[in-house]
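Asker: Let me see the structure of the following:
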Amino acid sequence: MLQGVTVAYGRRVAVQGVSGRFAPGSLTAVAGPNGAGKSTLMQAIAGVLPLSAGRIDRGGLLARQLGILPQAAGIDRSFPISVGDAVLLGAWARTGALRGADAAAARQVRDALAAVGLAGMEGRMVGALSAGQVQRVLFARLLVQDAPVVLLDEPFNAIDARTTADLLALVRRWHAEGRTVVAVLHDLDQVRAVFPDTLLLARGVVAWGPTAAVLTPVNLQQARDMAEAA
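Answerer: All right, here's what the predicted structure looks like:
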């Protein structure tokens with residue numbers, strides 16, 4: 001639950017007075033114009049950014065218990081790590097950084113890579129992968145983490161249509177399993193096709209609820225006007 005959530009960078013307010021609730025098990029898109037504060041809000045929910053005002057109730061979950069996929073632009077692909085080790089990071093919330101991977105964790109890694117279409121690629125280096133393959137690795141890491149809440153920040157940017165379709169199938173699977181999934185998205189056709197609920201943001205809340213009722217021409221124009229006035 002969000003209560004008056006405000007985030008500022010110095011004197012610049014990026015998100016202001018956002019209040020509302022992601023229902024347990026819901027599948028929600030966060031949409032809005034460029035500069036609307038969508039990624040800032042996600043980082044605040046994830047505990048990465050401090051609040052300037054307001055409160056976030058994560059339902060008793062710690063920030064490290066949330067499954068988080070950051071923007072691809074913020075990922076350092078030059079870091080020397082194998083695909084298998086990158087996916088295994090998803091188990092840290094349960095095992096801790098100092099415990100070695102047991103047989104069960106190794107099996108989870110193999111199963112997760114198979115689920116995202118990267119079976120047998122544990123030994124490949126992440127830096128040698130395409131953008132779409134890296135995104136599949138990050139989704140595999142989320143599968144291993146097995147979190148009840150999943151936050152996706154622009155998960156389908158700069159990847160091919162087949163990868164997008166495969167990863168959207170995983171999003172639908174998480175929703176069917178009763179997880180709460182929140183995703184920042186730009187493609188409104190994609191939002192309408194897949195996401196039952198939408199938060200339309202332009203620093204503040206323009207509308208929040210069933211997607212068909214939120215993504216109306218009037219609301220979309222209001223969001224553009226609010227973003228331009230900011």
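
Asker: from here on, contacts and neighbour counts on C-alpha atoms
Answerer: OK.

Asker: And Leu129, its phi and psi?
Answerer: Dihedral angles of Leu129 (phi, psi; degrees, to the nearest 10) stand at phi -90, psi 160.

Asker: same thing with Thr180?
Answerer: When read as degrees, to the nearest 10, the backbone of Thr180 gives phi -90, psi 120.

Asker: Look up which residues are beta-bridged to it.
Answerer: Thr180 has these beta-bridge partners by DSSP bridges: Val149.

Asker: Now do the same contact list for the most centrally placed residue in the chain.
Answerer: Nearest to the mean C-alpha position of the chain, by Cα atoms, centre = their mean, lies Leu152 at 1.0 Å. Going by Cα atoms under 8 Å, 6 or more residues apart in numbering, Leu152 touches Ile68, Leu69, Pro70, Val181, Val182, Ala183, Val184.

Asker: so is it in a helix, a strand, or just coil?
Answerer: strand (DSSP: H, G, I helix; E, B strand; the rest coil).

Asker: Compute the distance between it and Val83, please.
Answerer: Applying Cα to Cα, to the nearest Å, the value for Leu152 to Val83 is 20 Å.

Asker: How is the chain partitioned into domains?
Answerer: Domains of the chain are assigned by automatic domain parsing as 1-66+149-160+178-230, 75-146.

Asker: could I get those domains as CSV with mean pLDDT and distance to Val171?
Answerer: Listed next are the domains of the chain as CSV, based on pLDDT from 0 to 100; distance: least, Cα to Cα, whole Å:
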stretch, mean pLDDT, distance to Val171
domain 1-66+149-160+178-230, 94, 8
domain 75-146, 86, 9
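
Asker: mind checking which of these is nearest Leu168?
Answerer: With Cα to Cα as the criterion, Leu168 lies closest to domain 1-66+149-160+178-230 of those, at 8.1 Å.
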